[in-house]
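Trainee: Following is a predicted model, sequence given first.
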Amino acid sequence: MSPGRRNSSAPTVFAITLGCPKNRVDTEVMLGDLLSHGWELAGEPGRADVLLVNTCGFLKAAREESVDTLREVAREMKPGARLVAAGCMTERFRRELAREVPEAGILVGTRELLSLRDRLEGKRGPVGSFPTAANPRLVSTTERMAYIKVADGCSRRCSFCLIPRLKGRQRSRPAADIVEESANLAATGTRELVLVAQDLVHYGTDLPERPSLASLVRSISGQVPQLRWIRLMYLFPRDLSDELLDCVADCDNVLPYLDIPVQHADDRVLAAMRRGTTRKSLETLVERVRAKVPGCVLRTTYMVGFPGETDIAFDNLLSFAEQARFEMAGVFEFSAEPGSMAAGLPEQVPAHVRAERSRALQSLLDRIASKTRGDMEGEVHEAVIEATDPTMGRFWFQAPEVDGAVRLDGRGADVDVGEFIRARIIGARDIDFLGTAES
C-alpha cells in the first residue's frame, strides 16, 4: 500500500498485518475508514503519526511474532506517534501485550474495528459494530484479487483451537450485503474473489433466514458476472453438502478448488480433537467430492503430535494421506495453547517426536506433490499474471499466498499484470510450476 500525494496537514498511518487473510480484511476496513476521513498512508513506520499492527493470537509462535513486530515498530516511531495493537491477540492476551509492549497505547479487538478512528480522536467509538458493504476498504492484495470475509468468529469447539475464545461465536453477514460488496469489488477491477471465514461451511446458520453457503455462492456467481474466479477457503469437512458441490460443479466462475482442513485421520485422535469426523467419513467425503466435481483440486492441512497420538495413530494419518492424495497439503505441529481443552489432555507428545513426525509427513506430502506435478506436465490451464520481469502468476488451482506460483518463460513476457492467459505446464520447481504462455 503506497501513499499517494501528501497533504502535509493530514494525519498519517502505517499498517502491518500478521496472520490470516481474515486479518488482512480487518486491516483493510480500518484503513478504509481512516483514509475516507482525511487520513493518509505513510510510506514507512518512522514517518507515521499512527502505527497499526494487526496481531495474530492463534498460536504461541504467532503471538511471539506479534510482540516482536510491535517492539520493532515501537523502536522506529517518531516522537509523538502512537502505536495501535489490533486483532486476535488483543482479545485474550491484553495483559501480556501491556506487559511486553507498553508503548501500545491503544488496543482494538476484532469486534471494535470501526472504533479505531474515534478512539484516535479521543472519542469512545462504536463497539461490536460489524463492517458492511457500506464501509470503505483499502484493498491491499494484487491488482485483480480480493478476499471477502463472509462471517467472523466460530461456533465449533475443536479442542485445540482458541478462535471461539478470541472471536466469540460465529456471526454471519447478511447475504445481500456480501453480494453488494462483491459487486463493489468487481466494479473496481477485482476478478478473483476469495470467500473466507473461520468456518465457511457453517455460513448463515446463525442468521434468521438461515441462507446456505451454496445459495450465497450462487447469488454472487449470478449477480456479479464480472468475477472470473470465485474461490472457497476453509471448508469444515463434516458438513460439506451436496448442494454446495453441485454449485461448484454448475457455476462456471466458481473454481473447482476446495480447501478442506481434515487435521487427522485416526478415529481416537479425531474424537479427542472434537472434529465430528472419522477416517471412514473423510474417505467417503473425498470420494464424494471427486465424483460430483470431476477435476476438483483439493487442499488440506494435517496436524501432528496431538495429545494421545500414538505411533499407530500417526501411521493411520500417513496411510490416509497416501490414500487421499490431496493435490495441495500442509502440515503443522500441535501447540498446547493456554485456554484450549487440548492443552490439559494427558499423553502430551514430546517436542522432538512432533518434529520427527512433521518431517516424515512432509516428506510423504512432497513425494505426492512431486508425482502430481509431474503428471500435469504438458497440460494447459488458465492463469492470472501477478508480476512481470520476471513474469509470474498463478494457475486457477493455486490459491493466493499458499500454493506457490507459475514462473513463465520468455514467451510470457508480453503480458500485463492482472491479465488472464492460458499457459502450458513445462515443469516444476519446489512448490512452483514452470510454464509457457499459449498463443
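Mentor: All right, it came through fine.
Trainee: can we go C-alpha only for contacts and neighbour counts from here?
Mentor: Noted.
Trainee: What are the boundaries of the strands in the stretch 101-250 of the chain?
Mentor: 104-108, 145-149, 151-152, 171-172, 192-196, 229-232 (DSSP state E, counting those that start in this stretch).
Trainee: what's the closest of those to Ser66?
Mentor: strand 104-108 (11.8 Å; C-alpha to C-alpha).
Trainee: Partner strands of the closest one, with direction?
Mentor: Paired with strand 104-108 in the same sheet, following DSSP bridges, are strand 82-87 (parallel).
Trainee: could I get the strand it pairs with in PDB with only the CA atoms?
Mentor: Only the C-alpha atoms of strand 82-87 are listed here, as PDB (Å, rounded to 0.1, in the frame of the first residue of the first chain):
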ATOM      1  CA  ARG A  82       1.000   6.400  18.700                       C
ATOM      2  CA  LEU A  83       1.200   2.600  18.500                       C
ATOM      3  CA  VAL A  84      -2.100   0.600  18.000                       C
ATOM      4  CA  ALA A  85      -2.300  -3.200  18.600                       C
ATOM      5  CA  ALA A  86      -5.300  -4.600  16.900                       C
ATOM      6  CA  GLY A  87      -6.700  -8.100  16.200                       C
END
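Trainee: Quick check: Ser66 touching Thr55?
Mentor: Yes - applying C-alpha atoms under 8 Å as the test, Ser66 and Thr55 come out as touching, 5.3 Å apart.
Trainee: Compare those two (neighbour count), which wins?
Mentor: Thr55 (29 against 23; other C-alpha atoms under 10 Å).
Trainee: What lies in contact with stretch 354-361?
Mentor: Outside stretch 354-361, the residues that touch it by C-alpha atoms under 8 Å, 6 or more residues apart in numbering are Val304, Gly305, Phe314, Leu318, Val331, Phe332, Glu333, Phe334.
Trainee: what do you get if the cut-off is 10 Å, keeping everything else the same?
Mentor: Residues from elsewhere that reach stretch 354-361 (C-alpha atoms under 10 Å, 6 or more residues apart in numbering): 302-306, 309, 311, 314-315, 317-318, 321-322, 330-335, 348, 351-353, 362-367.
Trainee: Just the buried residues of the residues you listed.
Mentor: 302-306, 309, 314-315, 317-318, 321, 330-335, 348, 362, 364-366 (16 or more other C-alpha atoms under 10 Å).
Trainee: Now do the helices in the stretch 1-150 of the chain.
Mentor: 21-35, 60-76, 89-92, 94-100, 116-120 (DSSP state H, counting those that start in this stretch).
Trainee: correction: the stretch 151-300 of the chain
Mentor: 163-167, 175-187, 213-223, 242-250, 267-273, 279-292.
Trainee: could I get these as a markdown table with mean neighbour count, mean pLDDT and distance to Cys20?
Mentor: As requested, these are exported to a markdown table (neighbours: other C-alpha atoms under 10 Å; pLDDT from 0 to 100; distance: least, C-alpha to C-alpha, whole Å):
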| stretch | mean neighbour count | mean pLDDT | distance to Cys20 |
| --- | --- | --- | --- |
| helix 163-167 | 20 | 89 | 12 |
| helix 175-187 | 19 | 98 | 20 |
| helix 213-223 | 19 | 98 | 21 |
| helix 242-250 | 17 | 98 | 24 |
| helix 267-273 | 19 | 98 | 22 |
| helix 279-292 | 15 | 98 | 25 |
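Trainee: Columns distance to Lys149 on top of those, output as TSV?
Mentor: TSV is the format used below for these (distance: least, C-alpha to C-alpha, whole Å):
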stretch	distance to Lys149
helix 163-167	14
helix 175-187	8
helix 213-223	13
helix 242-250	18
helix 267-273	26
helix 279-292	24
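Trainee: so which of these gets nearest Ala98?
Mentor: Across those, closest to Ala98 is helix 163-167 (C-alpha to C-alpha), at 17.0 Å.
Trainee: Report all helices and strands that the closest one contacts.
Mentor: For helix 163-167, the packing partners by 3 or more C-alpha pairs under 10 Å, 6 or more residues apart in numbering; DSSP states H and E come out as helix 89-92, strand 151-152.
Trainee: let's see it at 6 Å
Mentor: Applying 3 or more C-alpha pairs under 6 Å, 6 or more residues apart in numbering; DSSP states H and E, one finds that helix 163-167 contacts no other helix or strand.
Trainee: Show residues contacting it.
Mentor: Cys88, Glu91, Gly153, Cys154 (C-alpha atoms under 6 Å, 6 or more residues apart in numbering).
Trainee: likewise stretch 33-44?
Mentor: With C-alpha under 6 Å, 6+ apart as the criterion, stretch 33-44 contacts Pro3, Ala10, Pro11, Thr12, Val13, Phe14, Ala48, Pro136.
Trainee: Is the fifth one bridged to anything, and to what?
Mentor: When bridges are assigned using DSSP bridges, the partners listed for Val13 are Leu41, Val50.
Trainee: Isn't it up against Arg47?
Mentor: No - at 8.6 Å, Val13 does not count as touching Arg47 under the criterion of C-alpha atoms under 6 Å.
Trainee: Looking at those two, which one has more neighbours?
Mentor: The neighbour count for Val13 versus Arg47, taken as other C-alpha under 10 Å, is higher for Val13 (25 against 18).
Trainee: By residue count, what's the longest strand in the chain?
Mentor: strand 420-429 (DSSP state E).
Trainee: Which secondary structure elements does it sit against?
Mentor: strand 380-387, strand 432-437.
Trainee: Turn those into JSON lines, columns for distance to Arg124, mean neighbour count and mean pLDDT.
Mentor: Below are these laid out as JSON lines (distance: least, C-alpha to C-alpha, whole Å; neighbours: other C-alpha atoms under 10 Å; pLDDT from 0 to 100):
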{"stretch": "strand 380-387", "distance to Arg124": "41", "mean neighbour count": "20", "mean pLDDT": "96"}
{"stretch": "strand 432-437", "distance to Arg124": "48", "mean neighbour count": "22", "mean pLDDT": "95"}
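Trainee: Switch the ones you listed over to CSV; also include distance to Gly43.
Mentor: Shown next, in CSV, are the helices and strands packed on strand 420-429 (distance: least, C-alpha to C-alpha, whole Å):
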stretch, distance to Gly43
strand 380-387, 21
strand 432-437, 31
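Trainee: wait, which of those strands is closest to Asp403?
Mentor: The nearest among the helices and strands packed on strand 420-429, by C-alpha to C-alpha, is strand 432-437 at 7.8 Å.
Trainee: how far out from the middle of the chain is the closest one?
Mentor: 25 Å (C-alpha atoms, centre = their mean, to the nearest Å).
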